[in-house]
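Peer 1: here's my sequence, what's the structure:
(2 chains)
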Amino acid sequence: MRREVRLATSAFDAAAEYRQFLSSLAGDGAVVTFLGTARPTGSGGEDVTGLFLDHHPRMTEASLREIAEDAGGRFGVSAISIVHRCGEIAAGEAIVFVAAAAIHRRAAFEAAEYAMDRLKTDAVFWKREDAVDGSRWIEPTLADEADRARWSK
Amino acid sequence: MKVRFYGRLGETLGEEVDVDLPGSVDTIVALRAMLAGMFPHASADLCGRSRACIADAFVLDDHKLTGVGAVEFLPPLSGG
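Peer 2: Residues are numbered from 1 along each chain as shown, chains lettered A, B, ... in the order given. Model prediction:
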């Protein structure tokens, strides 16, 4: 399995990441991608000016590698890529890009979904939402925990 | 000993503080209590909602601090 993980300290081009991922494949019949972007509004409908993603100098990349390895190994994909931003992120910018390729679609879908569910709860980041009326640190929701837990069944 | 904080803790307390440990503070749980006394406004996060790490590995509250140069406290994670 080919595994690529990158911690991006500045804005990245998701289309370029997709093209690069595609160019590395050989004979796969299914490619699934997910792109998470910074929303312009918070959970309460307030205007969000941006996000700040704090990270650990070593543990963050290690957690991304572990998640990619687990996703790829669990579903038998031939390639997986995770690109995750850190630092200041403006509304509308990409936060996370996940791509998975496999011979058949099911493995690629499941690997991408599994990776995203793990990233929400297990990736070593701390997310602060900056709104016009102040900032707040985001923690995993009950829904995030439930999404993560269903892969343990 | 150096104590490092991330996320909300880092913003509230600063990314790194140097502390002198009295002899009675020889475990993670004792360090948590000492820090909570120093920073009462962050005591909930320090005592219950953060995980402790030594040398990039999570450790339990009964972990001994003998010979440890740095401890990190990680609040709940939120990536993706």
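Peer 1: ok, what's across the strand from residue A:85?
Peer 2: Using DSSP bridges, the bridge partners assigned to residue A:85 are residue A:8.
Peer 1: around chain A, which positions in chain B sit nearby?
Peer 2: B:6-8, B:10-11, B:53, B:56, B:72, B:74-80 (CB under 8 Å from any CB of the partner chain). For glycine as for every other residue, the C-beta is placed from the backbone atoms N, C-alpha and C.
Peer 1: make a ChimeraX selection of the buried ones in these.
Peer 2: Selection of buried members from those for ChimeraX, criterion 16 or more other CB atoms under 10 Å in any protein chain shown:
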select /B:6,7,8,10,11,53,72,74,75,76,77,78,79,80
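Peer 1: strand partners of whichever strand or helix holds residue A:129, parallel vs antiparallel please.
Peer 2: Using DSSP states H and E, residue A:129 falls within strand A:125-131. Strand pairing for strand A:125-131, using DSSP bridges, gives strand A:48-55 (antiparallel), strand A:134-138 (antiparallel).
Peer 1: for these, which one sits closest to residue A:27?
Peer 2: strand A:48-55 (35.4 Å; CB to CB).
Peer 1: quick one: contacts for residue B:79?
Peer 2: A:53, A:63, A:84, A:96, A:119-125, A:127 (CB atoms under 8 Å, 6 or more residues apart in numbering or on different chains).
Peer 1: pick the one among these closest to residue A:35.
Peer 2: Nearest to residue A:35 among the contacts of residue B:79, with distances taken as CB to CB, is residue A:96, at 7.4 Å.
Peer 1: sec struct for that closest one, please.
Peer 2: strand (DSSP: H, G, I helix; E, B strand; the rest coil).
Peer 1: who is it paired with across the strands?
Peer 2: According to DSSP bridges, beta-bridge pairing links residue A:96 with residue A:36, residue A:84.
Peer 1: that one touches residue A:81, doesn't it?
Peer 2: No. With contact defined as CB atoms under 8 Å, residue A:96 does not count as touching residue A:81 (11.0 Å).
Peer 1: what's the strand holding residue A:129 in contact with?
Peer 2: A:42, A:46-55, A:60, A:84, A:86, A:135-138, B:6-8, B:10-11, B:75, B:77-79.
Peer 1: just to revisit the earlier point, so which of the strands paired with strand A:125-131 is nearest residue B:16?
Peer 2: So among the strands paired with strand A:125-131, strand A:48-55 is nearest, using CB to CB, at 13.5 Å.
Peer 1: buried stuff in the next helix or strand after the closest one?
Peer 2: Toward the C-terminus, strand A:48-55 is succeeded by helix A:59-75 as the next helix or strand (DSSP H and E). Residues of helix A:59-75 classed as buried: A:59-61, A:63-64, A:66-68, A:70-72, A:75 (neighbour count, 16+ other CB under 10 Å).
Peer 1: okay, the residues you listed in CSV with distance to chain B and pLDDT next?
Peer 2: Listed next are these as CSV, based on distance: CB to the nearest CB, whole Å; pLDDT from 0 to 100:
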residue, distance to chain B, pLDDT
A:59, 5, 97
A:60, 8, 98
A:61, 11, 97
A:63, 8, 97
A:64, 9, 98
A:66, 12, 97
A:67, 9, 97
A:68, 13, 98
A:70, 15, 97
A:71, 13, 97
A:72, 18, 95
A:75, 18, 96
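Peer 1: distance check, the residue lying farthest from the centre of chain A against residue A:47.
Peer 2: No residue in chain A sits farther from the centre than residue A:133, which is 27.4 Å out by CA atoms, centre = their mean. Look at residue A:133 and residue A:47: by CB to CB, to the nearest Å, they are 8 Å apart.
Peer 1: no further queries at this time; thank you.
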